[in-house]
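Chemist: Just a sequence and a predicted model for now, questions to come.
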Amino acid sequence: MAVIEVRDIHKRYGETIAVDGVDFDVEAGEIFGVLGRNGAGKTTTVEIVEGLRTPDAGMVRVLGLDPVRDRKALRTVLGVQLQEGMLPDKATAGELVRLYRSFYADGADPERLLGQLGLDDKRDTFVDELSGGQLQRLSIALALVGRPRVAVLDELTSGLDPRARRDTWQLIEQVRAAGVTILLVTHFMDEAQRLCDRIAVFDRGRIAALDTPEGLVRRTHGGGGTSLDEAFLAVTDADADAHADTDTDVDADVDVNADVTVLDDVLRDAGGPDGEVRR
Ligand SMILES: Nc1ncnc2c1ncn2[C@@H]1O[C@H](COP(=O)(O)OP(=O)(O)OP(=O)(O)O)[C@@H](O)[C@H]1O
């Protein structure tokens, strides 16, 4: 059974269609990347998975739990990286990690986790005195301190310096090695390439392509693609062309057949066979 099942979810805000029929499965122990341009529907989708937003239609299960109906049970198995501004200013980093740890029966050692995230010397520092990167690392610590079975990490390494990014990637690899399933929203291609087993590229509320990083690169430029950056641009540009009211010239660099078939690929690849998962 997939750890995360997402079936044909839809969400609109007034006239804005944020999510327009999204389907995917995340398998146990997988790092599943969610990529896409600004406003593509990534955050809405992952917040529906977390139970923070309710879909207008469709179905989500996390370890068989309904994120809205089974919210309490889900909290004990799901770790969520909170966004900036969601933490109390006048609590210290150490207090918060220990507090979150106390919510779980079998959590991680708070001191060790603070050390792994390079926050040992910040344990007595108030939230409003932490730098942006330190706050980011604290939010990762809070997502992981309950030793969750599933973690949703949104903008994992935004604002981190290069050393902290690499340390964080290593930590995430250790977390995955411990069997945790991870849904990772990112704008960074190097991060997606390094960490993700499969990637869903979102565009206009839909999944425009779903494949391994290698598979996405391979399908670019008729098989001659060399980077995930290129693949991302080709997939999202192709989808934009498919939505355009008037005919537009396809970028000469992009394989035309790949463009024409991209939506078919999406339908075929969504929830694709386990064999696609890179190990
Ligand atoms: N609470 C809201 N009320 C109204 N519109 C919203 C709300 N949240 C998101 N939207 C709209 O829904 C669409 C999808 O937004 P969403 O935040 O899911 O995108 P995203 O892919 O996470 O973008 P980004 O990369 O910029 O974070 C956007 O057009 C956005 O303006």
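Modeler: Noted; the coordinates are in hand. For clarity, every value in this text was computed on a predicted model and none was experimentally measured.

Chemist: does the ligand sit close to stretch 42-59?
Modeler: Yes. Stretch 42-59 reaches the ligand (CB under 6 Å from any ligand atom) through 42-44. Glycine gets a C-beta too; all of them are placed from N, C-alpha and C.

Chemist: tell me the average confidence for that stretch?
Modeler: Average pLDDT, stretch 42-59: 96.

Chemist: what comes up buried for that stretch?
Modeler: If you call a residue buried by 16 or more other CB atoms under 10 Å, then stretch 42-59 has these buried ones: 42-51, 53, 55, 58.

Chemist: Make CSV out of these and add secondary structure.
Modeler: Listed next are the buried residues of stretch 42-59 as CSV, based on DSSP: H, G, I helix; E, B strand; the rest coil:
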residue, secondary structure
42, helix
43, helix
44, helix
45, helix
46, helix
47, helix
48, helix
49, helix
50, helix
51, coil
53, coil
55, coil
58, strand
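
Chemist: between those, which is nearest residue 215?
Modeler: residue 42 (19.7 Å; CB to CB).

Chemist: ok, back up a step: and the residues of stretch 42-59 next to the ligand as JSON lines, adding distance to residue 33?
Modeler: Below are these laid out as JSON lines (distance: CB to CB, whole Å):
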{"residue": "42", "distance to residue 33": "10"}
{"residue": "43", "distance to residue 33": "14"}
{"residue": "44", "distance to residue 33": "17"}
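
Chemist: Among those residues, which one sits closest to residue 87?
Modeler: Residue 87 has its nearest neighbour among the residues of stretch 42-59 next to the ligand in residue 43, at 18.1 Å by CB to CB.

Chemist: contacting residues for that closest one?
Modeler: 154, 185 (CB atoms under 8 Å, 6 or more residues apart in numbering).

Chemist: Residue of the stretch 151-279 of the chain nearest the ligand, please.
Modeler: residue 202 (6.1 Å; CB to the nearest ligand atom).

Chemist: between the one helix or strand that residue maps to and helix 42-50, how many degrees?
Modeler: In this assignment (DSSP states H and E), residue 202 forms part of strand 198-203. Put simply, strand 198-203 runs at 130 degrees to helix 42-50, going by axes from the mean of the first three to the mean of the last three CA atoms, to 10 degrees.

Chemist: Which strands or helices does strand 198-203 pack on?
Modeler: Strand 198-203 sits against strand 31-36, strand 206-211, helix 213-218, helix 228-243, with contacts defined as 3 or more CB pairs under 8 Å, 6 or more residues apart in numbering; DSSP states H and E.

Chemist: which stretch among these comes nearest residue 83?
Modeler: Comparing the helices and strands packed on strand 198-203 by CB to CB, strand 31-36 comes nearest, at 15.0 Å.

Chemist: Can you give the contact residues for the closest one?
Modeler: 4, 24, 26, 42, 45-46, 172, 176, 181-187, 189, 192, 195-203, 208, 213, 232, 236.

Chemist: circling back: out of the residues of stretch 42-59 next to the ligand, who's nearest residue 14?
Modeler: Distances from residue 14 to the residues of stretch 42-59 next to the ligand, taken by CB to CB, are shortest for residue 44, at 13.4 Å.
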